[in-house]
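Visitor: missing the sequence, but the structure's below:
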């Protein structure tokens, strides 16, 4: 599984004044309409309890220069408060919000499935903040990777994007 490259994310939640967060690479788009995503987190961690209790969670897709945040949430920086590393604020919902992330997403829990080791959660996206000039931090073969700066990437669209086709009646 270490061969599967992924964006490094921090999944976070809060409930009754307590904040928790964990690094995650098992984050994926569920649907464009309505906008939603899936996240897998270890079901034994406190974050799983907070998400189920509050019905909310957030996802911060880390920027390529935010290895220190990933390391803090992975426990590699010792007993420090994880949320003291980076510019953490709160969404209006109260979930943690990393304002300097490549993308920050606020979600409302719309479903969950418990398997023996993990909790798979589905979230409806209720808030987003995108950094249009920041590339994501990637994880591959148990190490961080930084893609080329976005200024070196080809344009996203050569022409105006076309809407998705609608099914025939």
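Guide: Looks like it came in fine. Quick caveat: nothing in here was measured; it's all calculated off a predicted structure. Numbers count the residues shown, from 1 in each chain.

Visitor: hey, let's count contacts and neighbours off CA atoms from now on
Guide: Will do.

Visitor: show me the shaky parts of the chain.
Guide: Scanning the chain for pLDDT under 70 picks out the ranges 79, 156-169.

Visitor: just the strands from it, written as ranges.
Guide: For the chain, strands defined by DSSP state E occupy the ranges 6-7, 9-15, 18-24, 27-32, 35-42, 56-61, 88-90, 96-98, 103-114, 118-130, 138-140, 143-145.

Visitor: which one of the ones you listed lies nearest to residue 78?
Guide: strand 18-24 (14.6 Å; Cα to Cα).

Visitor: quick one: contacts for residue 72?
Guide: Neighbour list for residue 72: 78, 80, 82, 85 [criterion: Cα atoms under 8 Å, 6 or more residues apart in numbering].

Visitor: in this protein, which residue is closest to the centre?
Guide: With distances taken as Cα atoms, centre = their mean, residue 59 lies nearest the centre of the chain, 2.9 Å away.

Visitor: any idea how many residues pack against residue 112?
Guide: Neighbour count of residue 112, defined by other Cα atoms under 10 Å: 16.

Visitor: gap between it and residue 11?
Guide: Residue 112 is 15 Å from residue 11, where distance means Cα to Cα, to the nearest Å.

Visitor: and if you look at residue 117?
Guide: Residue 117 sits 17 Å away from residue 11, going by Cα to Cα.

Visitor: now residue 94
Guide: 14 Å.

Visitor: who has more neighbours out of those two?
Guide: A direct count of neighbours by other Cα under 10 Å for residue 94 and residue 11 places residue 11 higher, at 27 against 19.

Visitor: nearest spatial neighbour of the more buried one, chain-adjacent residues omitted?
Guide: residue 59 (4.6 Å; Cα to Cα, 6 or more residues apart in numbering).
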